[in-house]
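**Student:** Only the shape, not the letters, is given here:
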């Protein structure tokens, strides 16, 4: 698990440090990359996974059995993407194409975690630690935005609808949404745990949850509204064993919201951002599909992506760029992983990609059924990670997550750990 601890720590470091870069006017590329070497830290983490995976077969290991489907599909997809890379080499520049290919190589995380056994308690411990440490990354990220907003060190995006921070040298986005649901769900679970009184862990999770509500006012994100509302509902349905407990938890959540409103409400209102008004505005905006700005201009980029895909329906355009197919350079990309995948890999590659995700999420659902047979902290932890992993689909469906190797690596890690745990839970280990 050392390599995955390194990957997780690296992701959280990037999320937090990127926010500090705006305050200190540091070129964000200096944070993303290894000093003196023109390679990203995340690429080093992915290469470490591959190197250790290739080395491990010569060492006796307990191997998971009856899991060949995911492994074989992942290898076929990898070979197919090598074909795509060779087919389109040079269209967008070697650095961009190699960087995108490293995102493809993160599929080795799924291969490795579908091959070798990791002790179940080690998985549970890793997930709990990762969720707790993720609190600090989100707190830093969200409160840096708050500070920048109050102090005036901000830029406005989406016609004054969304607040953002300008980063020097930013050429890519590092999505933190992959850990928001994880922190939020673990926070609710930790805070309502009656076995322990109030301690530093509960306090950190409470602050992280408040920071998520803060970010909701700034981000104007419909996906985040849906994520918070639905994860709250799901949590109450599956983790409240009694109706009375559900009402207590609802009261706790409302109390957190009130704390957030009274602590930050006045500062936000001075900037014209009343929290209640803003969240109400987001909900109305999400429901008003007739609003010409509802899709924030993404229909144009999707039009170009679908048009370009039709030129190569089966195999796609490879490691190409929509700007080579008429999309204005100042317009965002398709913001949909299925449409983006069709453009790059065609029907064949997209089918393989979706099939891998199908088997991974199917294992999650099957594991849930096994976890229902026991009542323990370990089963609760795995249920929380299963729920949070599904929320990645919101980001994948609404943002450009196809080539975002930071969040993609973490999602593959979570789904891989779920599969690993499931194979052990069902006794599918070669002796």
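**Tutor:** That came through, no problem. Worth saying up front: this structure is predicted, and the values here are computed from it rather than measured.

**Student:** CA only for contacts and neighbour counts going forward, please
**Tutor:** Will do.

**Student:** so where's the stretch 51-200 of the chain uncertain?
**Tutor:** Residue ranges of the stretch 51-200 of the chain with pLDDT under 70: 56-62, 65-66, 152-172, 194-197.

**Student:** Could you pull out the strands in it for me?
**Tutor:** Counting by DSSP state E, counting those that start in this stretch, the stretch 51-200 of the chain has these strands, from start to end: 155-157, 162-164.

**Student:** okay, now residue 55: neighbour count?
**Tutor:** 10 (other Cα atoms under 10 Å).

**Student:** From the contact counts, what lies against the longest helix belonging to the chain?
**Tutor:** Longest helix in the chain, counting residues (DSSP state H): helix 337-371. Other helices and strands packing on helix 337-371, by 3 or more Cα pairs under 8 Å, 6 or more residues apart in numbering; DSSP states H and E, are helix 68-87, helix 298-309, helix 377-390, helix 392-398, helix 405-425.

**Student:** now it: how far from the chain's centre is it?
**Tutor:** Centroid separation for helix 337-371 versus its chain: 15 Å, with Cα atoms, centre = their mean, to the nearest Å.

**Student:** Tell me the buried residues in that helix?
**Tutor:** Across helix 337-371, burial judged by 16 or more other Cα atoms under 10 Å covers 337-353, 355-356, 359-361, 363-365, 367-368, 371.

**Student:** okay, which residue is most central for the protein?
**Tutor:** Centroid check for the chain by Cα atoms, centre = their mean gives residue 178 as the closest residue, at 2.1 Å.

**Student:** Can you tell me the closest non-neighbouring residue to that one?
**Tutor:** Leaving aside its chain neighbours, residue 178 sits nearest to residue 392 (5.7 Å; criterion: Cα to Cα, 6 or more residues apart in numbering).

**Student:** measure stretch 306-321 end to end?
**Tutor:** 13 Å (Cα to Cα, to the nearest Å).

**Student:** What of stretch 86-99?
**Tutor:** In stretch 86-99, first residue to last residue: 14 Å (Cα to Cα).

**Student:** Over to residue 199: give its phi and psi.
**Tutor:** Note on residue 199: backbone dihedrals following degrees, to the nearest 10 are phi -140, psi -180.

**Student:** swap in residue 40?
**Tutor:** Torsion angles at residue 40 (phi, psi; degrees, to the nearest 10) stand at phi -80, psi 150.

**Student:** Quick check: pLDDT value at the closest residue to it other than its chain neighbours.
**Tutor:** Leaving aside its sequence neighbours, residue 40 sits nearest to residue 33 (Cα to Cα, 6+ apart; 4.0 Å). Looking at residue 33, its pLDDT reads 85.

**Student:** mind listing what the residue nearest to residue 355 when sequence neighbours are not counted touches?
**Tutor:** Leaving aside its chain neighbours, residue 355 sits nearest to residue 73 (7.9 Å; criterion: Cα to Cα, 6+ apart). Applying Cα atoms under 8 Å, 6 or more residues apart in numbering to residue 73 gives the contacts 352, 355, 356.

**Student:** Do I have it right that residue 301 meets residue 336?
**Tutor:** No - with contacts counted by Cα atoms under 8 Å, residue 301 stays clear of residue 336, the gap being 10.1 Å.

**Student:** residue contacts, the residue nearest to residue 40?
**Tutor:** Residue 33 sits next to 39, 40, 41 when contact means Cα under 8 Å, 6+ apart.

**Student:** As JSON lines, the residues you listed with pLDDT would be great.
**Tutor:** Compiled in JSON lines, the contacts of residue 33 are given as follows (pLDDT from 0 to 100):
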{"residue": "39", "pLDDT": "84"}
{"residue": "40", "pLDDT": "87"}
{"residue": "41", "pLDDT": "89"}
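
**Student:** Highest neighbour count among the residues you listed?
**Tutor:** residue 41 (20 neighbours).

**Student:** Quick one: residues contacting it.
**Tutor:** Residue 41 neighbours (Cα under 8 Å, 6+ apart): 10, 32, 33, 34.

**Student:** need the contact list for the residue nearest to residue 173 when sequence neighbours are not counted.
**Tutor:** Nearest residue to residue 173, sequence neighbours excluded (Cα to Cα, 6+ apart): residue 404, at 7.3 Å. Going by Cα under 8 Å, 6+ apart, residue 404 touches 103, 173, 174, 175.

**Student:** Quantify the burial of the first one by counting its neighbouring residues.
**Tutor:** Spelled out, that is residue 103. So residue 103, with other Cα under 10 Å, has 20 neighbours.

**Student:** Would you agree residue 401 is in contact with residue 408?
**Tutor:** Yes - with contact defined as Cα under 8 Å, residue 401 reaches residue 408; the gap is 7.0 Å.

**Student:** Tell me the buried residues in stretch 177-193?
**Tutor:** 177-192.

**Student:** Return the subset of those residues lying in helices.
**Tutor:** 177-191.

**Student:** Name the nearest of those residues relative to residue 6.
**Tutor:** Residue 6 lies nearest to residue 179 out of those, by Cα to Cα, at 16.1 Å.

**Student:** Hmm, that closest one is touching residue 132, no?
**Tutor:** No - using Cα under 8 Å, residue 179 is not in contact with residue 132; the gap is 10.4 Å.

**Student:** which residues in the stretch 201-350 of the chain form helices?
**Tutor:** Using DSSP state H, counting those that start in this stretch, the helices of the stretch 201-350 of the chain run over residues 222-239, 243-270, 275-287, 298-309, 337-371.

**Student:** quick check: mean pLDDT across the last one?
**Tutor:** Averaging pLDDT along helix 337-371 gives 92.

**Student:** do the same with stretch 413-430
**Tutor:** 85.

**Student:** What residues sit buried inside it?
**Tutor:** Buried residues in stretch 413-430, defined by neighbour count with 16+ other Cα under 10 Å: 413-424, 428-429.

**Student:** follow-up on the earlier one: quick check: phi and psi at the residue nearest to residue 173.
**Tutor:** Torsion angles, degrees, to the nearest 10, at residue 404: phi -90, psi 90.

**Student:** For it, report the pLDDT, please.
**Tutor:** pLDDT, residue 404: 84.

**Student:** Isn't residue 49 up against residue 111?
**Tutor:** No - counting by Cα under 8 Å, residue 49 stays clear of residue 111, with 10.0 Å between them.

**Student:** picking that back up, could I get the contacting residues of the residue nearest to residue 178?
**Tutor:** Going by Cα under 8 Å, 6+ apart, the list of residues near residue 392 reads 177, 178, 411.
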